[in-house]
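# what shape does this take:
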Amino acid sequence: EEMWDYPLGARSLAVRQKQLYVKGRPDRQRDLEEVGFMLQDGNAKLGWLAVVQAAAIYSQMHNKVLNVPLNFVVPGPPL
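Here you go, the predicted model:
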């Protein structure tokens, strides 16, 4: 529930382009790479954890491939 409507696409772009949450943090880069996030494509603790959790959700939905479109939002619950 906490991840419903999370703007993962926009956050992924910021991680790739601006090194949001990962600059100077090889441990965080490894965390993302382990779930299939490609950093070479194209900082609050809670913010970082949200990115990792949302990335894991996307990874599960897409066979451990994290090529997240900019407009992807973690879906809410079924109606």
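# center of this structure, which residue is that?
The C-alpha lying nearest the average C-alpha coordinate of the chain belongs to Ala55 (Cα atoms, centre = their mean; 3.6 Å).
# right, and that one touches Phe37 too?
Yes - in this structure, Ala55 is within contact of Phe37 by Cβ atoms under 8 Å, at 5.6 Å. Glycine gets a C-beta too; all of them are placed from N, C-alpha and C.
# ok, Gln19 - how many residues close by?
14 (other Cβ atoms under 10 Å).
# what separation do you get for it and Gln60?
According to Cβ to Cβ, to the nearest Å, Gln19 stands 25 Å off from Gln60.
# picking that back up, now do the shared contacts for Ala55 and Phe37.
Common neighbours of Ala55 and Phe37, using Cβ atoms under 8 Å, 6 or more residues apart in numbering, are Ser12, Leu66.
# so, low pLDDT: which residues of the protein?
The chain contains residues with pLDDT under 70 at 40-46.
# the residue lying closest to Asn71 once chain neighbours are set aside: which element?
Leaving aside its chain neighbours, Asn71 sits nearest to Gly9 (5.2 Å; criterion: Cβ to Cβ, 6 or more residues apart in numbering). In the assignment (DSSP states H and E), Gly9 maps to helix 8-18.
# buried sites along that helix?
Leu8, Gly9, Arg11, Ser12, Leu13, Val15, Arg16 (16 or more other Cβ atoms under 10 Å).
# so the third one touches Ala54, yeah?
Yes - taking Cβ under 8 Å as the contact criterion, Arg11 and Ala54 are neighbours in contact, 7.0 Å apart.
# where do the strands of the chain begin and end?
In the chain, no strands are defined using DSSP state E.
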